[in-house]
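K.L.:
model the structure of this input:
(chains A, B, C and D)
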2 protein chains.
Amino acid sequence: MINISQEDYLTTIYRNLDDAGEIKPNLLAVKLEISNAAVTDMLRKLSRDGFVDYQKYKSIKLTSEGESYAKNMLRRHRIWEVFLHQSLGMPWDKVHEEAEKLEHSSSDELINLLEEFLEYPEVDPHGYPIPDKNGKIKKSKSVVAITELNENDSAKVIRVNDDVKNLLSYVTKIGISLGKEIFIKDKLEYDGSVLMMIDKKEVNISNKIASNIFVEKI
Amino acid sequence: MINISQEDYLTTIYRNLDDAGEIKPNLLAVKLEISNAAVTDMLRKLSRDGFVDYQKYKSIKLTSEGESYAKNMLRRHRIWEVFLHQSLGMPWDKVHEEAEKLEHSSSDELINLLEEFLEYPEVDPHGYPIPDKNGKIKKSKSVVAITELNENDSAKVIRVNDDVKNLLSYVTKIGISLGKEIFIKDKLEYDGSVLMMIDKKEVNISNKIASNIFVEKI
DNA sequence: TTATAAGTTTAAGCGGACTTAAATATATAA
DNA sequence: TTATATATTTAAGTCCGCTTAAACTTATAA
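P.N.:
The predicted structure follows:
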């Protein structure tokens, strides 16, 4: 039987897979804020139990079982987030933390009832799609990070990464929320930062932040 | 900082205090389904941290800090139960188990929001009162166990112990739910069992079960 | 009152998830 | 290509909540 710690490993792996569907142990250790040695340890167990493909000194992949498990955790997480935000009125920059605890403490039956209660929401409060019971994730509109936009582009905010510490509260401060329209005034070559208009105000955001906000071109 | 295991000790202590407000280590071990040795171990830690009064070979008491903590856990537990039953339609004999996990995974802020969402319920789905933010428990009607009733008494079911394994599903099977009226036909001296009418059907329940169903005389 | 049963504590040990330090492998840059 | 930096693994050890077995204390019943 899998435990909370292992569930955290699986979701963290899934959330941070690269384009090839892999992740290096060191990145995992950084994200989980534990030592590399602890990661090595746990990877052996997760591998033994069939959740990850792991070979010494190689990048890690999830097995299909591992991927299903991770997607189900994501499902739990996002459904809780919708409930906390939509039903209880908890601000969108607080729900992630709370959902991270709840996701480990709820049966699939509970999550299914909750999903029904919420009338089958399609996205969480940060714009991320909610996997269905079978792990299927509805293909969403084609979104790009703000960093991909060009001067004079207009776009609508569709998604903001909720897995980066303090990003949401910062982003809220500068006036960004889901659905908001932005207009790119300038991209600064030397540091990749972006100058844009939000609500008729000029705002400059760093490349790092821009890369975590996803929009749909208008 | 207190952890899940310690929270379980505190709530289990609180739930099983005797009339003198005490509990013996052995009963704790039985309820938690662990060894007496483990209990001794943990009691030293809880005592060191100021949650229980503990002296070797003596019964245990909660300190006021321990009692507050336990009551807050009870509050969390019961509010979750109301949500699960009332909002999600989960049967009353399933909510306890689910709430036992959730109670460890929710901040006070979440619980307060949930309480507001549920419009300040006074009792959980089994009839137990919900402590308020300050740990205050509203004095409820004077209830007695069915074992206290006499022949020819009529009574209304107010509360059923949810902390006894399988009791609720059994009780449901024989037609008992909150608010239901019962009539005592006979009390059998030799085993303390009770013969009563529920919905015009005759039902005999053991003394053990009768002692866990609480009613208000009519 | 004393023998016996029941409850409690102590001691030794285990598995899990972590740590640091050292050894080893891989990646990167001169 | 080789030196060096970085990533990974191994080894040894810690802490926590548990276990069993044995020692000891308290309760109960003859």
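
K.L.:
from here on, just use CA atoms for contacts and neighbour counts.
P.N.:
OK.

K.L.:
now tell me which helix or strand of chain A has the poorest mean pLDDT.
P.N.:
Within chain A, no helix or strand scores below helix A:207-210, which has a mean of 92 by mean pLDDT, DSSP states H and E.

K.L.:
show me what the helix or strand just after that one is packed against.
P.N.:
Using DSSP states H and E, the helix or strand that directly follows helix A:207-210 along the chain is strand A:213-217. Judged by 3 or more Cα pairs under 8 Å, 6 or more residues apart in numbering or on different chains; DSSP states H and E, the packing partners of strand A:213-217 are strand A:144-145, strand A:154-160.

K.L.:
for the longest one, what is the distance to the chain centroid?
P.N.:
Same thing as strand A:154-160. With Cα atoms, centre = their mean, to the nearest Å as the basis, strand A:154-160 stands 15 Å off its chain's centre.

K.L.:
ok, the first one next?
P.N.:
Here the centre of strand A:144-145 is set off from its chain's centre by 14 Å, with Cα atoms, centre = their mean.

K.L.:
and if you look at stretch A:29-36?
P.N.:
Centroid displacement of stretch A:29-36 relative to its chain, using Cα atoms, centre = their mean, is 18 Å.

K.L.:
what comes up buried for that stretch?
P.N.:
A:29, A:32, A:36 (16 or more other Cα atoms under 10 Å in any protein chain shown).

K.L.:
confirm for me that the second one is in contact with A:Leu10.
P.N.:
Yep, that's A:Leu32 we're talking about. No. Applying Cα atoms under 8 Å, one finds A:Leu32 not in contact with A:Leu10, separated by 10.9 Å.

K.L.:
show me which residues of chain A sit near DNA strand D.
P.N.:
A:24-27, A:36-41, A:55-59 (Cα under 7 Å from any atom of the strand).

K.L.:
okay, and which of these map to helices?
P.N.:
A:25-27, A:36-41 (DSSP state H).

K.L.:
any idea how far chain B is from A:Asp49?
P.N.:
24 Å (Cα to the nearest Cα, to the nearest Å).

K.L.:
circling back to that earlier point, report all helices and strands that the least confident helix or strand of chain A contacts.
P.N.:
Of the remaining helices and strands, none touches helix A:207-210 by 3+ Cα pairs under 8 Å, 6+ apart.

K.L.:
buried ones in it, by neighbour count?
P.N.:
Here helix A:207-210 shows A:207, A:209-210 as buried, counting by 16+ other Cα under 10 Å.

K.L.:
try stretch A:205-218
P.N.:
Quick answer for stretch A:205-218 (16+ other Cα under 10 Å): A:205, A:207, A:209-217.

K.L.:
try stretch A:83-103
P.N.:
Under 16+ other Cα under 10 Å, the buried positions of stretch A:83-103 are A:83-85, A:88, A:90, A:92-96, A:98-103.

K.L.:
closest to A:Glu65 out of these?
P.N.:
The closest of the buried residues of stretch A:83-103 to A:Glu65 turns out to be A:Glu103 (Cα to Cα; 18.2 Å).

K.L.:
now A:His77, what are its backbone angles?
P.N.:
phi -60, psi -50 (degrees, to the nearest 10).
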